[in-house]
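Enquirer: model this:
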Amino acid sequence: MDLPYVIQYLLTLRNPGGGPLVYGNVGQSVIPFFPPGQSINPKTDPGDDYAHIIFSHSIGPAVVPGAFYAVTWQGGGNVHEGTVTGWFIGNDITLFLVQTHALPSSAIITNISPLAQYYEAYIAFLRVTTKEVYDLVEEALDRLGTSSKLEGVAAQAAGLLGEMKRAEGLPPPIIKTEGGGE
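Expert: Alright, predicted model coming up:
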C-alpha cells in the first residue's frame, strides 16, 4: 500500500513533548463463516483515542467477488455503498474519514450469496490520541504551504482538514493556494 503524501507528512511530525505526533495503525475484520442472507452491523469509534483518521480500506483477497453488499455511513451520509466486486478486492480504497466519539462510523455488510462465505477487510488509520494533538494536526495541515513538489500534499491536506473540521461540526476552512492557512 502506498501511503497518501499527506499521511506520510503527518507521520513525520513530532509532538512538542517528544515522540510522534500521530501513530499509524491497521485494523482487520475476519468472519470465517458468514451465513447466506445474514448481515453484520459493525460500529466503530476511536476507543481510548480522541480521533482516528482512516485513509485506506481494502477487502481481503480470499473474498468471493459479488458475494457481499456493503453500506458504510457516517453522520447520516453514505461513504460507500454497493456490491463488493473484484475491483474492490484487488485495490486499496484511499479515503479520508475522521472518526471521533461524536462522529463514529457504521456499516451494514450482507452476504447476498446463496452460500456461506469468508469475509475479510482491512483499514489503515492514524491514531490521534488527544484533542490537543488533534488541534496540532489541524494547525500543521493549515500551515502546509504549496510548491511544485507539495501541490499534491496540499490538496490532500485541504481535503483532510475539511474532514477534520466537519467531524467537529465546523465549516471547512478556506485554503489559500500560496502560503497555506486562511
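Enquirer: all contacts plus neighbour counts: C-alpha atoms, from now on.
Expert: Will do.
Enquirer: tell me which residues form a beta bridge with the most centrally placed residue in the chain?
Expert: In the chain, the residue lying closest to the centroid (C-alpha atoms, centre = their mean) is I54, at 1.9 Å. Counting by DSSP bridges, I54 is bridged to L97, F125.
Enquirer: these two touch, right, it and A124?
Expert: Yes: between I54 and A124 there is a contact under C-alpha atoms under 8 Å: 5.9 Å.
Enquirer: where are the low-confidence patches of the protein?
Expert: 1, 145-151, 173-182 (pLDDT under 70).
Enquirer: Please repeat the previous calculation with a cut-off of 50.
Expert: Scanning the chain for pLDDT under 50 picks out 177, 179-182.
Enquirer: could I get the longest helix seen in it in CSV with only the CA atoms?
Expert: Ordering each helix of the chain by length in residues (DSSP state H) puts helix 151-167 first. Output of helix 151-167 as CSV, limited to C-alpha atoms (Å, rounded to 0.1, in the frame of the first residue of the first chain):
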residue,chain,number,x,y,z
GLU,A,151,0.8,20.6,-4.5
GLY,A,152,-0.4,17.0,-4.2
VAL,A,153,0.2,17.1,-0.4
ALA,A,154,-1.5,20.5,-0.1
ALA,A,155,-4.6,19.2,-2.0
GLN,A,156,-4.8,16.1,0.2
ALA,A,157,-4.2,18.3,3.3
ALA,A,158,-7.1,20.6,2.3
GLY,A,159,-9.4,17.6,2.0
LEU,A,160,-8.3,16.0,5.3
LEU,A,161,-8.5,19.4,7.1
GLY,A,162,-12.1,19.8,5.7
GLU,A,163,-13.0,16.3,7.1
MET,A,164,-11.5,17.1,10.5
LYS,A,165,-13.5,20.4,10.7
ARG,A,166,-16.6,18.5,9.6
ALA,A,167,-16.0,15.9,12.3
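Enquirer: ok so, going back, mind listing what the residue nearest to the centre of the chain touches?
Expert: 95-99, 123-126 (C-alpha atoms under 8 Å, 6 or more residues apart in numbering).
Enquirer: repeat for P32
Expert: Contact partners of P32, counting by C-alpha under 8 Å, 6+ apart, are 117-119.
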